[in-house]
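**Student:** need the 3D shape of this:
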Amino acid sequence: MTDPFELDKQRDIVFSAEPPGQIARAYQLLSGLPGCKVEYGDTPNTLRVSYNLHNYTLEGLESGLAEEGFHLDNSMLHNIGRKVIYYCEDTTCHNLDTPVHPTKKNEREVFVEAYSHEPHGDHDDTPPELRDYK
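**Tutor:** Down below sits the predicted model:
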């Protein structure tokens, strides 16, 4: 089962330097989304977004920005990093839809039941006189 804290993400969206003023417009657009927290990043042309995977993915946010005419940084380093994040978030979202296997919920009970059928302790059929070495 996925830890609920693993669903809260904080990512940087890096924009290209041109056209000027797109950071402020993107900030206004993203801050209007419910459940999405936006702040200016530590480096120029960067916005830091915080979201939950139940609501958003980085791929969805960035593709929405691209459809609105924003230009993201397309350097090789950022493209590779983006693709890795897209894959990881997509896998996590897919795993959220996968039902939990029934024995995972009660694995302790399954092993206790199996162990109780094995000869051990008080269930040993060996006579008491043969249990002690004399």
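**Student:** what residue ranges in this protein score low on pLDDT?
**Tutor:** Applying pLDDT under 70 to the chain flags the ranges 1-5, 100-107, 117-124, 133-134.
**Student:** identify all contacting residues around the helix or strand where Gly64 lies.
**Tutor:** Using DSSP states H and E, Gly64 sits in helix 58-67. Contact partners of helix 58-67, identified using CB atoms under 8 Å, 6 or more residues apart in numbering, comprise 9, 11, 13, 26, 29-30, 36, 49, 51, 72, 82, 85-86, 89-90. From N, CA and C alone the C-beta is placed, and that goes for glycine too.
**Student:** filter these down to just the ones in strands.
**Tutor:** Judged by DSSP state E, those include 9, 11, 13, 49, 51 as members of strands.
**Student:** show me the helices in this structure, by range?
**Tutor:** Remark: helices assigned in the chain by DSSP state H are 22-31, 58-67, 76-97, 102-105, 107-116, 128-131.
**Student:** dump those to CSV, plus distance to Asp42 and mean neighbour count.
**Tutor:** Listed next are those as CSV, based on distance: least, CB to CB, whole Å; neighbours: other CB atoms under 10 Å:
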stretch, distance to Asp42, mean neighbour count
helix 22-31, 13, 16
helix 58-67, 18, 15
helix 76-97, 15, 12
helix 102-105, 41, 10
helix 107-116, 44, 10
helix 128-131, 70, 8
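**Student:** quick one, which of those is nearest to Asn45?
**Tutor:** Comparison of those against Asn45 by CB to CB identifies helix 22-31 as nearest, at 6.1 Å.
**Student:** would JSON lines of the helices of the chain with distance to Thr43 be doable?
**Tutor:** Converted to JSON lines, those look like this (distance: least, CB to CB, whole Å):
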{"stretch": "helix 22-31", "distance to Thr43": "11"}
{"stretch": "helix 58-67", "distance to Thr43": "17"}
{"stretch": "helix 76-97", "distance to Thr43": "11"}
{"stretch": "helix 102-105", "distance to Thr43": "42"}
{"stretch": "helix 107-116", "distance to Thr43": "46"}
{"stretch": "helix 128-131", "distance to Thr43": "73"}
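**Student:** and Pro44, which of the ones you listed is closest to it?
**Tutor:** Among these, helix 22-31 comes nearest to Pro44, with 8.4 Å by CB to CB.
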